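S.K.: Starting from these lines, generate the structure:
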Amino acid sequence: MAKRKQSQAQLDNLSKSRFDSETARKANLKSQEAKKKYRPLKEIVAECLDEESVRQIMAALMQKAMEGDVRAWESLRDSSGQKPKDEVLIGAEKELDINIKVIE
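M.R.: The predicted structure is shown next:
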């Protein structure tokens, strides 16, 4: 019983020290600093590519797609806004009969 009280006291101290407002504020600041270091790839690519570069890339993708490269075709399709939705339908065609026994 004494061990249980000691464990509970340790948990209480741990939760108080970990989740006080000062610790949360510091953690938030660290998180914001880390996020500033990593920019989304989309932003980096947008800075590096001008309109002519994008046209050249699209022309190369079209050429590959016409030669039979399926991935190039998928990339063109997806970037033109015609990407099919990824949907998963969950359900059963017939009603399931489920019996649950409670054992005490």
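S.K.: What separation do you get for Asn28 and Ser21?
M.R.: Using CB to CB, to the nearest Å, one gets 10 Å for the distance from Asn28 to Ser21. Backbone N, C-alpha and C define where each C-beta goes, glycine included.
S.K.: which one of these two has more residues nearby?
M.R.: Under the neighbour definition other CB atoms under 10 Å, Asn28 and Ser21 were set side by side, and Asn28 has more, 10 against 7.
S.K.: Can you pull the poorly scored residue ranges out of the chain?
M.R.: 1-6, 12-19, 88-96 (pLDDT under 70).
S.K.: All the helices of it, residue numbers only.
M.R.: Counting by DSSP state H, the segments of the chain that form helices are 2-18, 21-37, 41-48, 51-66, 70-79.
S.K.: need those in JSON lines with distance to Lys101, can you?
M.R.: As requested, the helices of the chain are exported to JSON lines (distance: least, CB to CB, whole Å):
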{"stretch": "helix 2-18", "distance to Lys101": "34"}
{"stretch": "helix 21-37", "distance to Lys101": "46"}
{"stretch": "helix 41-48", "distance to Lys101": "53"}
{"stretch": "helix 51-66", "distance to Lys101": "58"}
{"stretch": "helix 70-79", "distance to Lys101": "50"}
